[in-house]
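Q: Here you go, sequence then predicted model.
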Amino acid sequence: MREIFPGVWKKRKQLFTSALVKGDSTYAKSLLRLGKNDYREWDPTKSKPAAAIMRGLNIFPIQKKCKILYLGVAAGATASFFSDIIGPDGVIYGVEISERSVRDLNIAAENRGNIIPILADARKPEGYAWVEPVDVVYEDVASDDQTPIIIRNAKLFLKPDGYAIIAIKARSIDVTKDPLQVYAEELKKLKHHFKILYKVELEPYEKDHLFVMMKPKG
């Protein structure tokens, strides 16, 4: 097993993170024990960042002590792997509009200690204006206004040297258009505000998704 990014390991075609909570296999495809350490298998068919890594992503800014604003955190499946990576000195501010999902997220948050659930609409960041500046804004909201959401939140919360990451969902934005057309249109909007560092389609792990890594323009 080799470390391909800080906190992310690869063994053949499997990805792993070092378990923050020993013995916790929640959301993991499997649990691997090596010596005194547990490693949770990160399933690329259920997590877009894992899919992007498997598709050749060469920049991964999430690391120890990182502060993350996660928009569309849902019940916290992907956030749990981010939680492993950032460790006890990092923090994830997880914004989710669904009360049911936040109830599930609260369980993960209690066990892990570095996830702060926020029941709010990512379209209205003034509702969580108390959040501190963050190193990463990650957005995975199933909505036709995905791009305005990340632009608005990045302006308010992202550090000048931070990273913005979006998983563009072509079918959520416009089901009538070819996904490639949707990607081109959304990237054009994003380029007004960000420098595009890397982009990759997520098939065969996720259909009609484009994973985009960016930095804010100065």
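A: Received the coordinates, thanks.
Q: Every contact and neighbour count from this point should use C-alpha atoms.
A: Fine.
Q: Which residues belonging to whichever strand in the chain runs longest are considered buried?
A: Ranked by residue count under DSSP state E, the longest strand found in the chain is strand 158-169. Neighbour-count burial for strand 158-169 flags 158-159, 162-169 (criterion: 16 or more other C-alpha atoms under 10 Å).
Q: Then stretch 74-92?
A: 74-88, 90-92.
Q: Figure out the length between the terminal residues of it.
A: Distance between the two ends of stretch 74-92: 13 Å, counting by C-alpha to C-alpha, to the nearest Å.
Q: Return the distance of that stretch from the chain's centre.
A: With C-alpha atoms, centre = their mean, to the nearest Å as the basis, stretch 74-92 stands 9 Å off its chain's centre.
Q: ok, the residue lying closest to residue 11 once chain neighbours are set aside - contacts?
A: Of all residues not flanking residue 11 in the chain, residue 1 sits nearest, at 4.6 Å (C-alpha to C-alpha, 6 or more residues apart in numbering). By C-alpha atoms under 8 Å, 6 or more residues apart in numbering, the residues touching residue 1 are 9-12.
Q: Then residue 169?
A: With C-alpha under 8 Å, 6+ apart, residue 169 has these contacts: 142, 208-210.
Q: Pick out whichever of those residues sits closest to residue 191.
A: residue 210 (14.9 Å; C-alpha to C-alpha).
Q: Would you check how far apart the residue nearest to that closest one when sequence neighbours are not counted and residue 74 are?
A: Excluding the flanking residues, the one nearest residue 210 by C-alpha to C-alpha, 6+ apart is residue 201, at 4.5 Å. In this view, residue 201 and residue 74 are 22 Å apart by C-alpha to C-alpha.
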